[in-house]
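Enquirer: could you work out the structure for the sequence below:
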Amino acid sequence: MARRRTQPREKKGMRILFLVLVIILVVVYLVATKRIGLPFGPSAPASGPQPAQLAAPSGSRSEVRIASWNIRTLSKRKGDAHLRVIADMISRFDLVAVQEPKDTEVLDRISALLPGWTYSASEAVGRGTSKEHYAFFWDQSRVSQIGAPSIVRDPDDLLMREPYAATFRSGRFDFTLCTIHLLFGSSPSERREELVLMDEVVASVQEANGAEQDVLLMGDFNFPPDDRGWQLTRWTAVIGPPLRTTVGDVSLYDNIWFDPRTTKEYTGKYGVVKFDVDDYGGDTDRARREISDHRPIWAVFSTLADDDPDEYGDLSRARVTRTARLISVAPGDAPLEELLAACGWARLMGYAQANLRN
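Expert: Predicted structure coming up:
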């Protein structure tokens with residue numbers, strides 16, 4: 001009887017000892033390589049200049065304006081007048097990632113309102129009947145697509161909706177956009193299970209992308225950029241407090257993330273289009289009903305130079321796997337042998353960092 005009572009304590013003690021050893025190894029590694037930058041986690045949202053006013057397109061070839069917009073329940077049932085408002089908003093930029101289209105017919109109608117523009121759309125993604133597309137719209141006089149876009153595959157069904165990635169060029173700047181609409185779910189803890197996988201998403205895109213390492217992660221994350229679930233160490237969020245990206249200044253859910261170590265073309269110009277204020281006079285209910293409950297967000301990048309070789313991989317090779325799930329669990333939730341078998345050194349570091357926050 002005594003032995004059976006002590007076994008749970010011994011098991012818990014082994015788990016705690018394992019976590020302590022991992023943390024010690026991480027600290028030693030960071031000190032040895034001079035990479036300590038506590039606290040762990042993503043860089044603070046870009047400070048730099050204050051949000052810029054969105055002027056009409058200038059035609060300048062030295063910059064590209066990239067935007068992201070969740071257009072709620074965008075479908076063929078949307079009226080022509082409302083689609084004209086949406087198309088006009090899109091035309092203020094050079095390249096726009098759109099989340100939440102319910103069909104491609106509505107994308108054809110928007111494209112018809114944008115002479116000189118084109119778009120690519122993903123297959124329908126999602127579980128059950130809750131399926132959506134993603135789309136990239138771009139001005140063909142300013143932007144061209146390189147290679148074939150692709151869904152980031154999710155063979156273990158870890159994400160409600162798989163991300164969509166495509167590579168583009170504007171001037172000398174070539175880059176890959178990866179857009180996603182994260183699960184909202186019934187609780188923060190439920191949707192945080194997807195948030196902690198964003199580092200795995202961008203890592204898989206970069207690995208599949210060959211020498212092209214300029215990757216922008218954008219979309220509706222249903223979390224602000226300072227949430228503890230983010231694992232994007234040393235990445236920067238363009239939009240930060242006190243800005244809000246949903247209609248009525250409710251939440252800061254939408255963002256554009258990039259790694260300043262690899263993407264040096266960011267100009268520091270960014271903003272949120274408050275169409276609910278500027279075009280709807282603060283009538284938030286009407287703005288949500290007719291257009292969307294999210295505002296477009298945008299950032300500007302220089303097109304004058306490129307800092308990586310013009311060598312591109314195959315985005316269809318990008319995938320999120322169950323290995324990524326292991327680093328998001330609480331201490332003791334994953335068997336020790338499973339962690340050791342599935343996780344390399346980088347994964348163990350991520351596991352330790354995730355648990356240091358909890």
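Enquirer: how much space between residue 229 and residue 80?
Expert: 40 Å (Cβ to Cβ, to the nearest Å). The C-beta positions use only the backbone N, C-alpha and C, and glycine is treated the same way.
Enquirer: of the two, which one has the most company?
Expert: residue 229 (20 against 8; other Cβ atoms under 10 Å).
Enquirer: hmm, residue 196 and the more buried one touching each other?
Expert: Yes: using Cβ atoms under 8 Å, residue 229 is in contact with residue 196, at 5.1 Å.
Enquirer: so residue 194 touches residue 158, yeah?
Expert: Yes: counting by Cβ under 8 Å, residue 158 is a contact partner of residue 194 at 7.4 Å.
Enquirer: these two: which has the busier surroundings?
Expert: The residue with more neighbours, out of residue 194 and residue 158, is residue 194; 24 against 18, by other Cβ under 10 Å.
Enquirer: where does the more buried one land in three-state SS?
Expert: helix (DSSP: H, G, I helix; E, B strand; the rest coil).
Enquirer: who are the neighbours in contact with it?
Expert: 158, 159, 160, 182, 183 (Cβ atoms under 8 Å, 6 or more residues apart in numbering).
Enquirer: the closest residue to residue 244 other than its chain neighbours: neighbour count?
Expert: The shortest distance from residue 244 to any non-neighbouring residue, by Cβ to Cβ, 6 or more residues apart in numbering, is to residue 252 (5.3 Å). The number of residues packed near residue 252 is 24, by other Cβ under 10 Å.
Enquirer: cool, and residue 221?
Expert: 25.
Enquirer: and the gap between it and residue 110?
Expert: From residue 221 to residue 110 the distance is 24 Å (Cβ to Cβ).
Enquirer: ok now whichever strand in the chain runs longest, how far from the chain's centre?
Expert: Under DSSP state E, the strand in the chain containing the largest number of residues is strand 63-74. Chain-centre distance of strand 63-74: 13 Å, with Cα atoms, centre = their mean, to the nearest Å.
Enquirer: that one: what's the following helix or strand?
Expert: helix 80-90 (DSSP states H and E).
Enquirer: still on that earlier bit, give me the buried entries from the contacts of residue 194.
Expert: When burial is judged by neighbour count using 16 or more other Cβ atoms under 10 Å, the buried members of the contacts of residue 194 are 158, 159, 160, 182, 183.
Enquirer: identify the farthest-apart pair in those residues.
Expert: Pairwise distances across the buried ones among the contacts of residue 194 peak at 11.5 Å for 158 and 182 (criterion: Cβ to Cβ).
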